[in-house]
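here's my sequence, what's the structure:
(chains A and B)
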2 protein chains.
Amino acid sequence: MILMNNPGDKEVLRLLKQRMESVSQVEEAVKEIIRRVKEEGDRALEEFLKRFEKHPVGIENLRVTEKEISEAQVEEEFVETIKMVIEDLKEFHRRQEERSFFFTTKGGSFLGEMVVPLESVGIYVPGGKVPYFSTLLMCAVPAIVAGVERIVVTTPPDENGGISPYILKTCEILGLKEIYRMGGAHAVAALTYGTETVKPVDKIVGPGGVFVTLAKKHVYGDVGIDSIAGPSEITIVTDGSVDLDLVAADFLSQAEHDENAMSVVITTSREVFEKLPHVIERHLEALPEERRKTARISTENFGTIILTDSLKRAFEISNLIAPEHLEVLVEKPFESLGYIKNAGSVFLGKYTCESVGDYGAGPNHVLPTFRSARFSSGLRVSDFTKKIFITYLSEEDFKRKGELYSKMARWEGFEAHARAIDVRRGKL
Amino acid sequence: MILMNNPGDKEVLRLLKQRMESVSQVEEAVKEIIRRVKEEGDRALEEFLKRFEKHPVGIENLRVTEKEISEAQVEEEFVETIKMVIEDLKEFHRRQEERSFFFTTKGGSFLGEMVVPLESVGIYVPGGKVPYFSTLLMCAVPAIVAGVERIVVTTPPDENGGISPYILKTCEILGLKEIYRMGGAHAVAALTYGTETVKPVDKIVGPGGVFVTLAKKHVYGDVGIDSIAGPSEITIVTDGSVDLDLVAADFLSQAEHDENAMSVVITTSREVFEKLPHVIERHLEALPEERRKTARISTENFGTIILTDSLKRAFEISNLIAPEHLEVLVEKPFESLGYIKNAGSVFLGKYTCESVGDYGAGPNHVLPTFRSARFSSGLRVSDFTKKIFITYLSEEDFKRKGELYSKMARWEGFEAHARAIDVRRGKL
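Residues are numbered from 1 along each chain as shown, chains lettered A, B, ... in the order given. Got it, this is the predicted structure:
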């Protein structure tokens, strides 16, 4: 664990930089996978499915059947819970809906912007031991609210070729029927360029491991992507008014995610600064072995506790970190909103641990990591629409402004641009 | 020129693909430039300034002085025109302004989204022989409307180290004072990672050549970028109701941009299909030599005229192309809006040639190219803000839903997530 007493900006930035450079180097392999799927289609895809996923079903069974979906067995309570969460997520995301607009000018022109949903998106749901149905919900709900017609899900299968019943049931409840059992960089490539079996999509969203992340960065431009997500992070600002057990539990809820996850506590309380490491240790011991192992490595490498003189300075540091998740565990949490400039998602007050947001209190949990909250936002409805600009210039406005536009074109040296205006002015 | 009579989707896509693969391979060089600027700062930056730009001023004069800005000499009409255009652009972009929102639940929770302007952005203004003041306007106005505090401009200097007075005057009118004379991949790297002389920014916007484009793709994630812009494109849909001279002039206004620019006409009129090539040839001959050379190469390589049976099919093909600019030169242009699904910016009716949009009728001219209008939009105010999610869960809602969230966490296998909830339920 790292302890910092009133650090300067540079010291904090140095710490963050170290972590950002620990990202692995598999770039060449990823590029080669993408090139081959793009050029060879199914043939390359099948090869990679076998090589990387020990894919036990052939490409002819890549798509999950309706029968598999309808036969997925889960607890009854799961279905009820998912339905509730979908409603809560829709309630929030509906408020992000954009409207087409237009206005007219005195001279009779018409200017506007038309909001159009994307035609198709692919949702990448990470596999492995965790059935990330919550991520599936977070990606699908804004796409549905936006009005995307074709929503494709892809996720790596288990060793028998199966997909978690939690994932399949969630798809069924959401009404999603196009599901592929594939993961990794080859899945990203197949969704980008299409193969004989997989029709391409316009945009790929959802987090993944390092292969998926690099693949998304590589295909970006040929297809839309949501963001390049790195390991997860939390920053907790606390003034000592909240029980240390809460702070420790929240600290570890992030640390259990990944060995490269980063949990930071910034506090104005010397008592918290001194006692928290011991409370965290106690909570660590209470975790089941596998989670404890991951959480301990993350805590040792990146877990950080910072003492500051004031809450204002605490938020300055948190803005510098630009954390994915920011918990504000202080006496008057709402009063700190004005200090928050960089964060993906903010959790206010003692009952709002990050977990309640992860599982669907309302806002999305696909969020900017690695300081990208400085310039980007969590997944939103607008990520699933495009805005098309519309211009209609009336004859009257054209007569008043056309000559000026043609002058501008000539100041830049674009004669043919100027002539396109002049031909309408009868000046050619 | 390419002529296609009622082509199928596949034929159109094959044509587009050919063009997309003609992008050059300078990736390794770009990566090395970025790595060195990131690691060595000013020392590497100075080396690249000298090597690539034959930079005649040292790094100590990298920043343009206030004196240079105030002494820039331009026509008086230029100042008046720019002021008019800024007002028109502001009028449009103000309507894109987003609002923070929140709502409360019956149980007393508070959920919302806070819109915060980016702290700093860098505008890349391409150099060379063209003083792209119009691009500067298009990048700066939405940033100003969004409320970005620090707006930096970078542009490659001429052989004497000077910057075009049109650029400097435009900066002065816009109130921009932090201007660097540098271009290329090293400028992108300097703005991303910072050097002793250049303070880093949160996002870089604006188009550039292939070095700049690849550099932006490479630094994406460490800094925000607007998009990866390729050579410009126009698609013109016409039913033959408009004078062919207009169509030909607009066709060439795009072709003069770049040898890789692409102008496409889709028409339902056999007369247009047959006669247009000759009219284009006549207009080509009227261009000054240098513009003519570029426009001719672009026309020969990528200029395309497509005949279709119906306007509906014409728009189907234009949606497949997903053009940066779409001109609708038909008798009743507004009636086609419902058919348009993919386009960066649409120009309706006979007086609305693309040039009037390029020079500031209202919407932005920084637009998605290379089919990316399928999933992305032109530059907008929202590109200069981030949306921070806010959750406050009341005790009442927590008591009602907390247990379900902790069950979801356990279904996914995240014990520490569940415990963060349980500790608040008194269940640990």
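
output the helix-or-strand element of chain A with minimal mean pLDDT as CSV, nothing but the C-alphas.
Confidence across the helices and strands of chain A bottoms out at helix A:9-20, with a mean of 74, counting by mean pLDDT, DSSP states H and E. As requested, the backbone C-alpha atoms of helix A:9-20 are provided in CSV (Å, rounded to 0.1, in the frame of the first residue of the first chain):
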residue,chain,number,x,y,z
ASP,A,9,0.4,17.3,-8.0
LYS,A,10,3.6,15.9,-9.5
GLU,A,11,3.9,13.2,-7.0
VAL,A,12,0.3,12.1,-7.6
LEU,A,13,0.8,12.1,-11.4
ARG,A,14,4.0,10.1,-11.1
LEU,A,15,2.1,7.4,-9.3
LEU,A,16,-0.6,7.3,-12.0
LYS,A,17,1.9,7.2,-14.8
GLN,A,18,3.6,4.1,-13.3
ARG,A,19,0.4,2.2,-13.5
MET,A,20,-0.5,3.3,-17.0
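
give the other helices and strands that that helix contacts.
Helix A:9-20 makes packing contacts with strand A:2-5, helix A:311-321 when contacts are defined by 3 or more Cβ pairs under 8 Å, 6 or more residues apart in numbering or on different chains; DSSP states H and E. Yep, even glycine has a C-beta here, placed from its N, CA and C like the rest.

out of the ones you listed, which comes closest to chain B?
With distances scored as Cβ to the nearest Cβ, the stretch of the helices and strands packed on helix A:9-20 nearest to chain B is helix A:311-321 (8.9 Å).

give me the distance from that closest one to the chain's centre.
Averaged C-alpha coordinates place helix A:311-321 at 23 Å from its chain's average position (Cα atoms, centre = their mean, to the nearest Å).

give me the mean pLDDT for that helix.
Helix A:311-321 shows a mean pLDDT of 95 in the predicted model.

so what touches that helix?
Around helix A:311-321, the neighbours that count as contacts under Cβ atoms under 8 Å, 6 or more residues apart in numbering or on different chains are A:6-7, A:9, A:12-13, A:16, A:233, A:235, A:237, A:239, A:264, A:266-268, A:306, A:308, A:326, A:330, A:336, A:339-343, A:371.

repeat the analysis, applying 6 Å as the threshold.
The set of residues external to helix A:311-321 that reach it, using Cβ atoms under 6 Å, 6 or more residues apart in numbering or on different chains, is A:9, A:12, A:235, A:237, A:266, A:268, A:308, A:339, A:341-342.

pick the most buried one from the helices and strands packed on helix A:9-20.
Relative to the other members of the helices and strands packed on helix A:9-20, helix A:311-321 carries the highest mean neighbour count by mean count of other Cβ atoms under 10 Å in any protein chain shown, namely a mean of 20.

tell me which other helices or strands the helix or strand that it is followed by touches.
The C-terminal neighbour of helix A:311-321 among helices and strands, as given by DSSP states H and E, is strand A:325-329. Helices and strands touching strand A:325-329, as assessed by 3 or more Cβ pairs under 6 Å, 6 or more residues apart in numbering or on different chains; DSSP states H and E, comprise strand A:233-238, strand A:345-348.

now the ones you listed as JSON lines including distance to residue B:112?
JSON lines is the format used below for those (distance: least, Cβ to Cβ, whole Å):
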{"stretch": "strand A:233-238", "distance to residue B:112": "18"}
{"stretch": "strand A:345-348", "distance to residue B:112": "9"}
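
for chain B, which of the ones you listed is the nearest?
Of the helices and strands packed on strand A:325-329, nearest to chain B by Cβ to the nearest Cβ is strand A:345-348, at 4.0 Å.

average pLDDT across stretch A:141-157?
On average, the pLDDT along stretch A:141-157 is 97.

starting at the chain centroid, how far to it?
Between the centre of stretch A:141-157 and the centre of its chain there are 14 Å (Cα atoms, centre = their mean).
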